[in-house]
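> need a structure here:
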Amino acid sequence: MFSISNPAVQLYKEELDLQAGDGLQLFVRYAGTGIGFCLGVEKGLPQDGDYVQEIEGIRFFVKPHEVWFVDQMKMDCDDSGENFSIDLPSIA
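Numbering: from 1, shown residues only. Below is the predicted model:
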């Protein structure tokens, strides 16, 4: 479905004070004129029917109607956390 590198997960853990068992929802955001869609992220807990992928103890989840957006997504950053990248083939 999607891949999130360990350094990217670590960055989210530090920036959002996430602990093992916490959830992070990935969702579609409309960014306005000329920009189109982008990825939204917020703390939360998955519900029944959500697609859930646990990485390093964090439950990344997507609502069923937004799975198309993160299909084949690749999220990465270097160990310093300064070079963060998201590849979203769904909007390429």
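> List every C-alpha atom in stretch 47-54, with coordinates, as CSV.
The C-alpha trace of stretch 47-54 is given here as CSV (Å, rounded to 0.1, in the frame of the first residue of the first chain):
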residue,chain,number,x,y,z
GLN,A,47,-11.7,2.8,13.4
ASP,A,48,-13.0,-0.5,12.2
GLY,A,49,-12.7,-0.6,8.4
ASP,A,50,-9.7,1.7,8.2
TYR,A,51,-6.5,0.5,6.4
VAL,A,52,-3.8,0.3,9.1
GLN,A,53,-0.1,-0.2,8.7
GLU,A,54,2.0,-0.3,11.8
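> what's residue 88 sitting at in phi/psi?
phi -120, psi 90 (degrees, to the nearest 10).
> Then residue 10?
Per-residue torsions, residue 10: phi -60, psi -40 (degrees, to the nearest 10).
> That one and residue 25: what is the separation?
Using Cβ to Cβ, to the nearest Å, we find residue 10 at a distance of 19 Å from residue 25. C-beta here means a position set from N, CA and C on the backbone, and glycine is covered the same way.
> For the chain, give me the ranges with low pLDDT.
Scanning the chain for pLDDT under 70 picks out the ranges 32-35, 81.
> Which one's more surrounded, residue 10 and residue 25?
residue 25 (19 against 16; other Cβ atoms under 10 Å).
> Good, we can wrap up now.
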